[in-house]
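> requesting a structural model of the entry that follows:
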Amino acid sequence: MAKMHHLLFLSLSLFFMATSADEGTATFYTPPYVPSSCNGFEDDGVMIAAASDAIWDDRAACGRNYKVQCLGATNAGVPHPCRGSGEVEVKIVDYCPAGCQGTIDLSQEAFASIADPDAGKIKIAYQRYVA
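Sure thing, here's the model as predicted:
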């Protein structure tokens, strides 16, 4: 019985390690959202994002879904920027070119659902998921 509990604990530990989120920063961009690097003139809605080089993966990021969670401020201007549930799900539809100021560049609507837009840039945890 103790052996079985040990295996269960080990299995759960590996599961949670495999599903841990990465940390980075998020900024936002404003409409129009088309054309996009991934889908041209296809309308992908507003819960979308552009990937920086950190996750772009030579266009492989196109269509990937991410859960993005606001962790806090990157500057003193808006010390408590997180709001709402603090988490949003987005689909990568565009590329945030070299010099991009965040790991993920959220649409204005996606950013506003988790943080005060006046913050401009926030600390985030992000995790890829399959929709």
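
> what ranges do the helices span in the protein?
2-18, 53-56, 108-114 (DSSP state H).

> Ala51: what's it in contact with?
Contacts for Ala51 (CB atoms under 8 Å, 6 or more residues apart in numbering) come out as Asp57, Ala61, Arg64, Ile92, Asp94, Tyr95, Cys96, Ile104, Asp105. The way it works is simple: take the backbone N, C-alpha and C, and place the C-beta from them, glycine included.

> how many other residues sit next to the residue lying closest to the fifth one once chain neighbours are set aside?
Same thing as Asp94. Nearest-residue entry for Asp94: Ala50, 3.8 Å, with adjacent residues in sequence omitted and distances by CB to CB, 6 or more residues apart in numbering. Applying other CB atoms under 10 Å, we find 26 residues neighbouring Ala50.

> so what's Ala50 up against?
By CB under 8 Å, 6+ apart, Ala50 lies in contact with Tyr29, Ser36, Ser37, Ile92, Val93, Asp94, Tyr95, Cys96, Cys100, Ile104, Asp105.

> any idea how far the last one is from Ala50?
This points to Asp105. 4 Å (CB to CB, to the nearest Å).

> anything in contact with each of those two?
The overlap between the contact sets of Asp105 and Ala50 (CB under 8 Å, 6+ apart) consists of Tyr29, Asp94, Cys96.
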